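[1] everything below, folded, please.
(2 chains)
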Amino acid sequence: MAEEIISAGIDIGTTTSQVIFSRLQLENSSYTAVPNVRIAKKEVIYKSPIHFTPLCADGNIDEEALDHILLAEYEKAHLRREDIATGAVIITGESSRKENARLAVERLSAVAGDFVVATAGPDLESVLAGYGAGAAAWSERCPFPVANFDIGGGTTNVAVFLGGELQDAFALDIGGRLVRLSENHQVLYISPRIQPLAEEFGLCEGEIADLKALKMLARRFADICLRICLERPLSMGERGLFLGHGKRWGKMPAVMFSGGVAEYIYGKTVQEDCWADVLRHGDIGPLVGAAFRRAFADNPEVRFLTPRERIRATVIGAGSYAVHLSGSTVMMAEELAPLQDIPVIRLDHPERTEKLAAEYRLKRDIYPASQQTAIAMAGPGNGGYTELNALARSLVEMTAGEDNILLVIMEQDLAKALGLLMQRLGKGRQIICLDRIRALPGDYIDVGRPVAGTVPVVVKTLIFKS
Amino acid sequence: MREKEEAGFVRDISQPEIKDKILIESPQSLEMVKRLKKSTNARLGVGRAGDRYKTETLLKFRADHAIAQDAIWTDIDETLIDEMGFYKVQTLVQDKEEYVRRPDRGRVFSSETMEAMKRDCIHDPDVQIVVADGLSGFAINANLKDIYAIMMDGFAEKGYRVGTPIFVRYSRVATMDKISEALGATVTIQLIGERPGLATGESMSVYMAYKASSQKPESQRTVVSNIYQQGIPPLEAGAQVVHLTEVLMREKKSGVELKI
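    Have a look, this model is predicted:
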């Protein structure tokens, strides 16, 4: 059995916005009556041109103009809203800090399709770019970790993979458009986040820039990233460039780069002494690219890898990798989908059923009672029927007063069994029980409509948290 | 471990952990060997001594083969079957040796047995459960309790009338057809020990058929296989069987005729 679904990826970035459509081929590899559905093939079938993100005079996203761009792309791709089964809309970089970002995304989902909408935080963005650039795939074939640095206009998003598995994700205020210039070399804008660094090189808004100073700033950006890879110390000010949190992973012996700036690391070159050439985008992007190439290419201390995608890495990540498929034996009534932005409550000790209610209350009570939440866990463990039934009973009883769907997600392949027992104990309750999905505390999930017996789920980390 | 051996203990080479060991001497990348091993149950990364297996690999291989042999040749321990109150019958086969040599006799009952079943068991049930030792009694004892409990919960939830649970000694799959015919079951479900391999001796299959009949071809059966802790967990398999039973009831067919 083969089934295909079309997945959309829409990326609204600080500088640019784009759309891609992928075809995901689902395949049931089982010969028996227990299906085993997985994504057999991912193929990008349409890539939009890179559009400038439309902004209003007040700096917010121009929602109407964005709708127009999007609709035109759907038309060019010969796809309609109803053709799209799943996918993700994400707002990336500095754009995600715009006041109306969330509204713009909600509006987009109405225009673009009824699919899961992932409004990104910097970490999710890093992860999607890492998948889209091919760092995850690369790391499957080598014994060392592979990091991807997605350098966009506003931020640099880093994801580290080992053996195909995500190990760490973080972001920094490093980007090609943090300094913007006019044609006559005047500094039009310096992002407040890098103000102290810019001052160090004597760069000031409104003044005429010194090309040397710009190059030194670009070189500093590259050097910071190199020191991050090699675990060398950063100054207090440099540590302040991390968004939200620092890195947890240690040394990164192999790196690749994606994002708009990567175009200038791998492909395009600029004459760094020629103002006209440097200022082709009115920013420091080309200089930053050149500085990274100089710092990383032919550097014996770190492997310099080539990504599969550069400027499109994030959007392809959103369209092809944001969606996970649940296991094939699960419990879910189709009419309950789609569910969006469900906060995750993770139970750490599902096997201790007698203490479960207390653990749940503690974690549940930070959300309003009316809020739909998802209960996540590793799994019931290796117990038998008695233990599973006790868990089902605890879950049903501790959520008894709630008016929401009893939504349980776990890693272990036991969702159909647990779902059946919960349904028996919680008569009349609406129950969704999914497996082979890993969600952590603080994550949010979107649940799509079942496809070929499995359920598409997007697990999101950090929404609009800057 | 070594201390224990010196103290007079002998390592249990049938323990599965031994298979996780990497025996290649100085691999170029230990990380890659580990990853490769994680992807399969096959005996990879075991190294070699000249062009032969290492002693440890050979012993483990023999131990696993012995488990498979034991699974086939050991009569099922019926303690659990008795505890659970199954109605017990036997095919025409008299012992294990005949069971292995004469598959045909493992598919049928004597007329006395057929009459006794008709006399003692519930007729026309929605669901008839049959447990068969098949080629591994170990598989039944390892999985029956969990899968049976969740199946019964599921059937009670759906309101199905479940027949007298029957255990068949020295049984092949086709006994389910005879039992279905004798009792007029709508859906017959047989839990049977699979032929053991070198990975496990505890794997069980579930065969299901809508109005199972010896007049119908083998393709009448829907199957769920590979049921054991590291395969499809028995609890999850049970829940899937409940779901499939609903499908069989609704579609009034099973096996290849059923498009799922």
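[2] what residues sit buried inside the host helix or strand of residue A:108?
    Taking DSSP states H and E as the definition, residue A:108 sits inside helix A:101-112. Going by neighbour count (16 or more other Cβ atoms under 10 Å in any protein chain shown), the buried part of helix A:101-112 is A:101, A:104, A:105, A:107, A:108, A:109, A:112. Quick note: C-beta positions are derived from backbone N, CA and C, even for glycine.
[3] and that helix, what does it pack onto?
    The contact analysis (3 or more Cβ pairs under 8 Å, 6 or more residues apart in numbering or on different chains; DSSP states H and E) places helix A:101-112 against strand A:2-12, helix A:63-76, strand A:84-91.
[4] out of those, flag the one nearest residue A:319.
    strand A:2-12 (2.4 Å; Cβ to Cβ).
[5] the closest one: which residues count as buried?
    By neighbour count with 16+ other Cβ under 10 Å, strand A:2-12 contains the buried residues A:5, A:6, A:7, A:8, A:9, A:10, A:11, A:12.
[6] now the second one: how far from residue A:86?
    This means residue A:6. From residue A:6 across to residue A:86, the span is 8 Å (Cβ to Cβ, to the nearest Å).
[7] joint contacts of those two?
    Common neighbours of residue A:6 and residue A:86 (criterion: Cβ atoms under 8 Å, 6 or more residues apart in numbering or on different chains): residue A:24.
[8] picking that back up, nearest to chain B among the buried residues of strand A:2-12?
    Distance to chain B, by Cβ to the nearest Cβ, is smallest for residue A:5 among the buried residues of strand A:2-12, at 19.0 Å.
[9] now that closest one, nearest residue through space, not along the chain?
    Leaving aside its sequence neighbours, residue A:5 sits nearest to residue A:85 (Cβ to Cβ, 6 or more residues apart in numbering or on different chains; 3.8 Å).
[10] burial of residue 186, as a residue count?
    With no chain named, the answer covers chain A. By the measure other Cβ atoms under 10 Å in any protein chain shown, the count of residues near residue A:186 is 13.
[11] the intended chain is chain B.
    Here the count is done by other Cβ under 10 Å, and residue B:186 has 20 residues near it.
[12] could you do residue A:205 as well?
    Around residue A:205 there are 13 other residues, counting by other Cβ under 10 Å.
[13] where does it land on pLDDT?
    Per-residue confidence (pLDDT) for residue A:205: 91.
[14] by how many degrees do the lowest-mean-pLDDT helix or strand in chain A and helix A:63-76 diverge?
    Least confident helix or strand of chain A, by mean pLDDT, DSSP states H and E, is helix A:101-112 with a mean of 71. For helix A:101-112 against helix A:63-76, the angle by axes from the mean of the first three to the mean of the last three Cα atoms, to 10 degrees is 30 degrees.
[15] what's downstream of helix A:101-112, the next helix or strand?
    Tracing the chain C-terminally past helix A:101-112 and defining elements by DSSP H and E, one meets helix A:122-133 next.
[16] who does that next one touch, helix- and strand-wise?
    Partner elements for helix A:122-133 (3+ Cβ pairs under 8 Å, 6+ apart): strand A:84-91, strand A:146-151, strand A:156-162, strand A:165-172, strand A:254-258, helix A:313-320, strand A:456-461.
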